[in-house]
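A.B. asks: Predicted model and sequence below, questions to follow.
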Amino acid sequence: MDQANPGKIQKLDELAAEYQRVAQAYVDWQIQQEMRQPDKYGDTPAAEISTLLSARWQRCAWQHACGIVQSWYSNGRKNPPILQNVCIQANANVVVIEPSRSPHFDFWLRISTLEAGSPVRLPITLYERAKEALAQFPKLCSGVTLNRREDGWYATFVVERKGPKAKSNRIVGVDIGMAAMVCTSEGQRYGQVSAELRCRVERAAQKRRRKQKLNACLKRKNKPTVRLSDHRAEAFARNEIGRALNQMLDELPEDANLALERLSVRNMRMRSHQMNRALRASQLGYVRDKLKFKLDERGIRYRSVQPAYSSQQCSQCGFTFSMNRRSQAEFDCLWCGLKANADVNAAQNIAERFGDAELNALTYREVEAVLAVRFMRRLPVARSATAGLELQPEGWLPRGRAVAAKPLAMLSPPTVNQPGQHPCHSCL
Ligand SMILES: [Zn+2]
């Protein structure tokens, strides 16, 4: 990058200094919190570590710190890591690689700086070795690493190199939810609702309520009403959704087929519960439609499957019961004891249903009975009169909790007949 002018280099140096400071602060913070597996997409401690970096740069610094902390823990090191070399790990949100039209250099790097809206463009010349690699594998990945050495700045690119063909027809289930926008059966979660999004959504909801009141007034006076939609809040949410989906698609195994939920607005409402205000039912629909659009764009095969009770069904033993799902986040099978992230469990059920013609032909309500019958058939002791009772430790029902949960999934485990503890359909 020796052809860049000094003013641009100065801006890059300023950015690097702040990035370095913040990345170090994140590392220290994660170690202080003993985060052995820090979440790359989790919230950053924005309140504790204030910075001039944009939210996108903060995310880069955070992910950088996560990598350092994770390897620090897994190598069992004692001395806390100190970032010494000036190194920036940038993604496509902050650094864009643009082709050059000049014969004197090969690419432009457009880098966002500390000053919002005024990126710098730096010219890049490739080494011969890099040119050869690029000739062989012409597809560049979007991430760039920037290093400052004694004689100036260097950029490292990564090329996409197709490995041996992955196992074909691998099916990945996708759960569109609220805690994370999308979650795959491989256990990856994308698009956690950030503190900022939550805050914006809260504000948008308040604004909407005020507008509703205003409209009620205006109507009484026979005057034209105002629009309820809030374009800015929506645009922000949609931007976040787009980013989460791209991330998911980038990390999808090659040759994967996707199983998606066939969502209807009705069950969307049921599922969206807590975050409903965030991305109303229509936004959940938006996530699904956008995902389909992107899948078509990339030529990835998908199928929509019947999602009924997928959040209450155990992906290991098939037991379906509303109280298997203790909270929005946890799945805890009351039959076999499987503990899992609730969204991951649901995504695994959705993947299972990819080729399940019987289930996919049913309506939402009919699924319940079929799942119950299937579970019973799988029980080795299904025909024994005391089936189930001996298999389960005492007190397997959550004690002290009202059993009158919503009658959503209703297979009761066979033969638990203590009064007041019977969770079966007919007693509810
Ligand atoms: Zn189970």
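C.D. replies: Yes, it's here.

A.B. asks: Can you tell me which residues in the stretch 201-350 of the chain are near the ion?
C.D. replies: Residues of the stretch 201-350 of the chain that fall close to the ion, judged by C-beta under 5 Å from the ion: 314, 316-317, 319, 333, 335-336, 338. (Each C-beta comes from the backbone N, C-alpha and C, glycine too.)

A.B. asks: I'd like those residues written out as a markdown table, with pLDDT and neighbour count added.
C.D. replies: Shown next, in a markdown table, are these (pLDDT from 0 to 100; neighbours: other C-beta atoms under 10 Å):
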| residue | pLDDT | neighbour count |
| --- | --- | --- |
| C314 | 95 | 23 |
| Q316 | 92 | 14 |
| C317 | 92 | 15 |
| F319 | 94 | 22 |
| C333 | 94 | 22 |
| W335 | 92 | 21 |
| C336 | 93 | 13 |
| L338 | 93 | 16 |
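
A.B. asks: Give me the subset of these lying in helices.
C.D. replies: Secondary structure defined by DSSP state H assigns none of those to helices.

A.B. asks: check which helix or strand covers L258.
C.D. replies: strand 256-261 (DSSP states H and E).

A.B. asks: how many neighbours does E186 have?
C.D. replies: By other C-beta atoms under 10 Å, 17 other residues sit near E186.

A.B. asks: Over to Y73?
C.D. replies: Close neighbours of Y73, defined as other C-beta under 10 Å, add up to 16.

A.B. asks: Repeat that for R59.
C.D. replies: The number of residues packed near R59 is 19, by other C-beta under 10 Å.

A.B. asks: And for the host helix or strand of G191, what's in contact with it?
C.D. replies: Assessed by DSSP H and E, G191 sits inside strand 189-192. Strand 189-192 is contacted from outside by 39, 41-43, 179-183, 240-241, 243-245, 247-248, 341, 343-344, using C-beta atoms under 8 Å, 6 or more residues apart in numbering.

A.B. asks: which secondary structure element contains the residue nearest to A23 when sequence neighbours are not counted?
C.D. replies: In space, A23 comes closest to A61 once its chain neighbours are excluded; the distance is 4.2 Å by C-beta to C-beta, 6 or more residues apart in numbering. Following DSSP H and E, one finds A61 within helix 55-74.

A.B. asks: Report the buried residues of that helix.
C.D. replies: Going by neighbour count (16 or more other C-beta atoms under 10 Å), the buried part of helix 55-74 is 57-66, 68-70, 72-73.

A.B. asks: and that helix, how far out from the chain's middle?
C.D. replies: Relative to the chain's own centre, helix 55-74 is displaced by 17 Å; criterion: C-alpha atoms, centre = their mean, to the nearest Å.

A.B. asks: do stretch 97-117 as well
C.D. replies: Remark: stretch 97-117 is offset 30 Å from the chain centroid, using C-alpha atoms, centre = their mean.

A.B. asks: do the same with stretch 33-44
C.D. replies: Taking the mean of its C-alpha atoms, stretch 33-44 sits 14 Å from the chain's own mean (C-alpha atoms, centre = their mean).

A.B. asks: now do stretch 296-303
C.D. replies: Mean C-alpha position of stretch 296-303 versus that of the full chain (C-alpha atoms, centre = their mean) differs by 19 Å.

A.B. asks: quick one: contacts for the closest residue to L258 other than its chain neighbours?
C.D. replies: The shortest distance from L258 to any non-neighbouring residue, by C-beta to C-beta, 6+ apart, is to Y302 (3.9 Å). By C-beta under 8 Å, 6+ apart, the contact set of Y302 is 257-260, 292, 295.

A.B. asks: about what we covered before: given the strand holding G191, what are its sheet partners and their directions?
C.D. replies: Next to strand 189-192 in the sheet, as set by DSSP bridges, lie strand 180-184 (antiparallel).

A.B. asks: if you average pLDDT over the helix or strand containing L15, what comes out?
C.D. replies: Assigned by DSSP H and E, L15 belongs to helix 6-32. Regarding helix 6-32, the rounded mean pLDDT is 93.

A.B. asks: what helices or strands is it leaning on?
C.D. replies: On a contact count with 3 or more C-beta pairs under 8 Å, 6 or more residues apart in numbering; DSSP states H and E, helix 6-32 meets helix 55-74, strand 86-90, strand 120-124, strand 140-149, strand 152-159.

A.B. asks: from the contacts of Y302, which is closest to A204?
C.D. replies: Nearest to A204, judged by C-beta to C-beta, of the contacts of Y302 is K292 at 25.6 Å.

A.B. asks: hang on, that closest one packs against L260?
C.D. replies: Yes - contact criterion C-beta atoms under 8 Å: K292 and L260 qualify, at 7.4 Å.

A.B. asks: More neighbours: which of these two?
C.D. replies: When K292 and L260 are compared for neighbours, L260 comes out ahead with 22 against 15, by other C-beta under 10 Å.

A.B. asks: mind listing what the more buried one touches?
C.D. replies: Counting by C-beta under 8 Å, 6+ apart, L260 touches 174, 176, 288, 291-292, 302-305, 350.

A.B. asks: Let's see the PyMOL selection covering just the buried ones among those residues.
C.D. replies: In PyMOL syntax, the buried subset of those is picked out as below (16+ other C-beta under 10 Å):
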select buried, resi 174+176+288+291+302+304+305+350
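
A.B. asks: quick one: pLDDT of the closest residue to the ion within the stretch 51-200 of the chain?
C.D. replies: Minimum separation of the stretch 51-200 of the chain from the ion (C-beta to the ion) falls at S185, amounting to 15.9 Å. S185 is assigned 92 on the pLDDT scale.

A.B. asks: From here on, call the first residue 13.
C.D. replies: All set: I'll call the first residue 13, so the last point we hit is now S197.

A.B. asks: Surely it is in contact with Q360?
C.D. replies: Yes - under the criterion of C-beta under 8 Å, S197 makes contact with Q360 at 4.3 Å.

A.B. asks: what residues are shared contacts of these two?
C.D. replies: Common contacts of S197 and Q360 (C-beta under 8 Å, 6+ apart): G185.

A.B. asks: what's the average pLDDT for the strand holding G203?
C.D. replies: In this model, strand 201-204 has an average pLDDT of 83.

A.B. asks: Skip ahead from that strand and say which helix or strand is next.
C.D. replies: Downstream of strand 201-204 (by DSSP H and E), the next one is helix 207-232.

A.B. asks: Low-confidence stretches in this structure?
C.D. replies: Residue ranges of the chain with pLDDT under 70: 13-16, 86-88, 173-180, 190, 205-206, 275-296, 392-440.
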